[in-house]
Structure formats: structure tokens, C-alpha cells
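[1] Just a sequence and a predicted model for now, questions to come.
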Amino acid sequence: MHAYFLGIDVGTQGVRVVLLDELGATIGSSEQVFPLTPDSREEQSPEMWWVAAYECLRSLLISVKDDIHLNDIKALSVTSTSGTVIPLDGRNEPLHHALMYSDTRPTAEGKHCREIAERFHPEGYTGFNASSGLSKMVWYFNHFPEKAAHIHTWIHATDFVIGKLCGDYSVTDYTNALKSGFDVAKGEWPAYLTFHLPVQKHWLQKVVPSGTPVGSLLPALAENLGLKQIQIIAGMTDGCASQVASGAVRPGDWNTTIGTTLVVKGVTVREIRDPEGRLYSHRHPEGYWMPGGAGNIGADWVSAGFSEDLAALTKAAATLIPTGLLAYPLMQPGERFPFIAPQARGFAPADATREALFTANMEGVALVERYAYEMIESLSGEEVGAVFTAGGGSNSDVWLTIRANVLNRPVHKCGNVTGAAGAAVVAAAGAHYGTLTKAASAMTRIEKTVHPEPALVHAYARQYRNFIQILTEKGFIPGPVPITH
């Protein structure tokens, strides 16, 4: 007997639905793309999301019904963008389009929310900015006071699709609620939200751990899709869902995704409190913490200058490591993680060949990654036990080799690391395995592991010391962090 689980990912540019079995094998998938415009970065129609999600679900189920028994599908969960919020009226209809996480209009409100939080609730999350859900709620109140009078509930993008599936819009999860002001340590909405900001208590949802059953698929939907009234499970934000899909869900597990930017997420026993605001922590459904941060550096430099002869450059790089050269391939002004430096600018070795510069850039990103993990260990007092990796940067064996030796740790390349897959794992956790740890252990996989080599580790330790020195001289960082390897 098999069990199957559905995951829906509603992203900025489209919807993706996957069906996984209880061991994590992909049985089928379907997706639709949205046109990306300046307007769609600010607002999108939630009904458009739902129509696309329903059509993807229907298409996927039609494609697999001859291969599996649809009655063996047990549950479904959803992931979407963090900080995207929607005001609903008393009939659970949107009063306005979804205010997208990428909407920069609430910049002033974000600053105000941060100042209020730092003054009245400094022990909670205070990193509010324009992308935060709370900032958008305040912005909406300020700009649409007449509509705001009719708000019944503020919900998140994930919650809208879950509500459409089971009819309950009153529930959200810890990861979505964090940037709307929920105190994930105390498990409550802080009083300052309603005393010092234009937020009403009845607007705020019940908050549960990801993986909690919210309801059952509505009868009409079940009949139309050919499913039983499967369980609908509380989801999580897209970044957390991708972390889950990587398998990095146990204390000491960390995931680095090198895409356009460098994103680091992990699991700790204790909450990391970062006075500089480089990291913030979600709450793990089993009571642990899920800290993370995202930088401006990443792999965008590859497509910007090296994509035409990538295969040849990669082959050459394998013969050049370690280069001993110092590069920091930052493509835009300013850095936010693992150090905050608005004055940061990229730098490269002088007179390097194209092949050497390509290799040094890969090394530079790895050196920044090492700094991130040393900073994390110094703040948490906990060891980074395993590094899982995903994103375009993980597809290069040479880059994996560089990173394993710079970090002096095995680096595990993950398979099927998508938000939709993570949502399916969350569904399985809530309806089948009982915990996220058990579900991820059963359903995620490592494609390959690259181990450090003593000679390269030694050479990269020297290169790292030189890298830290130049970052210090340029004023990007105050100096080396205490822990070294």
C-alpha cells in the first residue's frame, strides 16, 4: 500500500503542484506561469492564484490517475511567499488584491513598525521592513481607511489557498505569522500591535505549528477532483518549505542555497538573537528554531559574465584550485548577510585570467559562506553539524569541492529541493508521519556528498585568513569572529 501527498507552491511568477509518495518520489507535477510586471510585484489577484492552483491540481490528478489509486492520496499542504497578505471581509472575500512581499510602498510603515517593536516588544521579532506583512497592514489602513473599516481578517498567501480548499481562513502557521508580528517564542500576538499600531485584534488569525491539520477538502472540490475529503495541513513560507525539502530539519542541520543570492537556513535548539539583525528565527513545529539569513552575494555573477563558456571555465577551474586569489563578486552596492555593510562593493584580483577570475569568484562566495557559519556558531553556541546545499550553485562539482574544503565539512547536495516538494513533506508530517523530522528523513534524499581533503583544507584556511583581513581593511566587517577551524 502506498500513501501520497500533494504540495502546492504559489510563487510570484506562477503556481506549481507536485505529488510525492511516502518515500519522496515524485509521481507527477503541473505548473502555470504568471506574467511578471511592475504591477504584479506590488499586487496580485488571489483569485488568479486559486484558478491556477485548481487547474494544476486537476491536470496533475488526470495525468496520474491511471498509475495510482487517487484514494491513496492522504493530504495536501501549501507554501507561498513570506510577507504577502490579503484583507478579507466577513464573507472571506478579498477586499483588495494581495499586497506582495516585493511591494516597496510600505517603506515608511516598515520603519515605523520596527521602531514601535523595538520600543515596546524588543524580545520579539523586530526586523520589520517594507516586505513584512505587518508593514503592509499598517500601510493599507493608512491609505484605504474606508475599506479597512470592513476588514474581518488579515491572511497570508498560503492561508488563502488553504481556505479555498477547506473553507477555513482563520488559521495560519508560525512561519507566515512571524513577519505579521506574532511572537513565536511566547505563542501569542503581542499587545503592542493593537495598542500602538492601527491593528485590531479580531483581524489576527489563530496561529499553529506547520503540519497541523486545518480541515478537510470541501466535498464539492473532492468530488470534482476525484479525491476523498483529504486532510488540508497548515503550510509554511516558501523559504522554510525549501529548507524542509532539503532535509535540513534536525538541530545542527543547515542548508545553503546559492541561487541569485546566498541563502542560509538551519535548525538550532535555542533561538539565535542577533543584535545586528543579520539573522532572524522562525519556529520549528517541534519546538526548535529555524534561523536564517539572505545575502546580496550569490551566483548572479555567473550569468552576468561567464555563462557563454561555462563548461570550459568549469573544466579549467578544476585545475586551478586553490587559486590563493581574493575575490568578492558582489553585483550590487551593499551587503546584508552575513555582515551588514551598505558601503560594500565587489572586488576582484588584478590581472587575473578569465579562468582564474571565474575560479576565484566561486572561492569568494565559499569564503563568505564560511564567515556566515562561523558567525552563526558564535551567536548560537551550537555546532553546525551538516551542510546541505541546493540552488544553481550546487550543480557545479568544482564549486562543491571548493565549498567542502573552505568549510572543512562534508557538503551534501540535495535532490528535489522545491517549495512544492517541501509542502508535500509538511502534508505527510501532519497526516502520516507525525513529525516533520520523521517525514523529512523518509522523503528527502542526498544526491551526492563531497568530503574535504586535508591539503585543500589547509590551503583554504590561509586564503580565508587573507580574505577576512581584506574585508576588515575595507571596513565591511569589524574583524574576525571568534570561532575558526
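    Received, thanks.

[2] contacts, neighbours, all on C-alpha from now
    Fine.

[3] Which residue ranges of the stretch 151-300 of the chain form strands?
    Along the stretch 151-300 of the chain, the stretches classed as strands by DSSP state E, counting those that start in this stretch are 153-156, 171-173, 206-208, 213-216, 231-237, 253-258, 262-266, 280-283, 289-294.

[4] List the strands paired with the fifth one, with their directions.
    Same thing as strand 231-237. Strand 231-237 has its sheet partners listed here by DSSP bridges as strand 73-80 (parallel), strand 213-216 (antiparallel).

[5] would you put the C-alpha positions of the first one in PDB?
    Listed next in PDB are the C-alpha coordinates belonging to strand 73-80 (Å, rounded to 0.1, in the frame of the first residue of the first chain):
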ATOM      1  CA  ILE A  73      -3.700  10.500  -1.600                       C
ATOM      2  CA  LYS A  74      -3.900  11.400   2.100                       C
ATOM      3  CA  ALA A  75      -3.200  15.100   2.500                       C
ATOM      4  CA  LEU A  76      -2.300  18.400   0.900                       C
ATOM      5  CA  SER A  77      -0.300  21.500   2.100                       C
ATOM      6  CA  VAL A  78       0.600  24.800   0.700                       C
ATOM      7  CA  THR A  79       3.600  27.200   0.600                       C
ATOM      8  CA  SER A  80       3.800  30.700  -0.700                       C
END
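
[6] just checking, next helix/strand downstream of that strand?
    Sequence-wise, the next helix or strand downstream of strand 73-80 (DSSP states H and E) is strand 85-88.

[7] Sketch out the low-pLDDT regions of the stretch 351-485 of the chain for me.
    Scanning the stretch 351-485 of the chain for pLDDT under 70 picks out 479-485.

[8] The spatially closest residue to Val33 that is not a sequence neighbour and Phe182: what is the separation?
    Leaving out its chain neighbours, the residue that sits closest to Val33 by CA to CA, 6 or more residues apart in numbering is Gly14, at 4.1 Å. In this view, Gly14 and Phe182 are 28 Å apart by CA to CA, to the nearest Å.

[9] quick one: which of the two has more around it?
    Just comparing Gly14 and Phe182: by other CA atoms under 10 Å the higher neighbour count belongs to Phe182, 24 against 17.

[10] Work out for me the element Phe388 sits within.
    Going by DSSP H and E, Phe388 is part of strand 386-390.

[11] what packs against that strand?
    In terms of contacts (3 or more CA pairs under 8 Å, 6 or more residues apart in numbering; DSSP states H and E), strand 386-390 is packed against helix 238-246, strand 253-258, strand 411-414.

[12] Highest mean neighbour count out of the ones you listed?
    Comparing the helices and strands packed on strand 386-390 by mean neighbour count (mean count of other CA atoms under 10 Å), helix 238-246 ranks first with a mean of 28.

[13] State the mean pLDDT of it.
    Across helix 238-246, pLDDT averages out at 92.

[14] quick check: longest helix of the protein.
    The helix that spans the most residues within the chain, counting by DSSP state H, is helix 354-380.

[15] closest to Ala424 out of the strands of the stretch 151-300 of the chain?
    strand 231-237 (9.2 Å; CA to CA).

[16] Could you check how far the closest one is from the centre of its chain?
    Centroid displacement of strand 231-237 relative to its chain, using CA atoms, centre = their mean, to the nearest Å, is 15 Å.

[17] just stretch 8-27 next, same as before
    Relative to where its chain is centred, stretch 8-27 has its mean C-alpha point 15 Å off (CA atoms, centre = their mean).

[18] Counting neighbours, which bits of it end up buried?
    Under the neighbour-count criterion of 16 or more other CA atoms under 10 Å, stretch 8-27 has 8-12, 14-24, 27 buried.

[19] and that stretch, how far apart are its ends?
    One end of stretch 8-27 sits 14 Å from the other (CA to CA).

[20] try stretch 344-358
    Per CA to CA, the first residue of stretch 344-358 is 20 Å away from its last.

[21] in that stretch, what counts as buried?
    Those would be Ala344, Arg345, Ala348, Glu355, Ala356, Leu357, Phe358, for stretch 344-358 by 16+ other CA under 10 Å.

[22] on that earlier part again, using a markdown table, lay out the helices and strands packed on strand 386-390 together with distance to Glu363.
    Output for the helices and strands packed on strand 386-390, formatted as a markdown table (distance: least, CA to CA, whole Å):
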| stretch | distance to Glu363 |
| --- | --- |
| helix 238-246 | 23 |
| strand 253-258 | 13 |
| strand 411-414 | 15 |
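
[23] and of the ones you listed, who's closest to Pro213?
    Using CA to CA, those put helix 238-246 closest to Pro213, at 16.6 Å.

[24] Against which helices or strands is that closest one packed?
    Counting contacts by 3+ CA pairs under 8 Å, 6+ apart, helix 238-246 is packed against strand 73-80, strand 262-266, strand 386-390, helix 419-428.

[25] Reformat those as JSON lines; add mean neighbour count and distance to Gly239.
    Shown next, in JSON lines, are the helices and strands packed on helix 238-246 (neighbours: other CA atoms under 10 Å; distance: least, CA to CA, whole Å):
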{"stretch": "strand 73-80", "mean neighbour count": "29", "distance to Gly239": "9"}
{"stretch": "strand 262-266", "mean neighbour count": "26", "distance to Gly239": "8"}
{"stretch": "strand 386-390", "mean neighbour count": "24", "distance to Gly239": "12"}
{"stretch": "helix 419-428", "mean neighbour count": "35", "distance to Gly239": "7"}
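
[26] Using JSON lines, lay out those together with distance to Thr401.
    Converted to JSON lines, the helices and strands packed on helix 238-246 look like this (distance: least, CA to CA, whole Å):
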{"stretch": "strand 73-80", "distance to Thr401": "32"}
{"stretch": "strand 262-266", "distance to Thr401": "17"}
{"stretch": "strand 386-390", "distance to Thr401": "12"}
{"stretch": "helix 419-428", "distance to Thr401": "26"}
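
[27] Ok, which of these comes nearest Leu367?
    Per CA to CA, nearest to Leu367 of the helices and strands packed on helix 238-246: strand 262-266, 11.8 Å.

[28] Mind listing the strands that closest one pairs with, and their directions?
    Here strand 262-266 is paired, per DSSP bridges, with strand 253-258 (antiparallel), strand 289-294 (antiparallel).

[29] residues in contact with the first one?
    Outside strand 253-258, the residues that touch it by CA atoms under 8 Å, 6 or more residues apart in numbering are 243, 246, 248, 262-267, 298-299, 384-394.

[30] measure the most centrally placed residue in the chain to Thr79 for me?
    The chain has Gly239 as the residue nearest its centroid, 1.2 Å off, counting by CA atoms, centre = their mean. As judged by CA to CA, Gly239 and Thr79 stand 9 Å apart.
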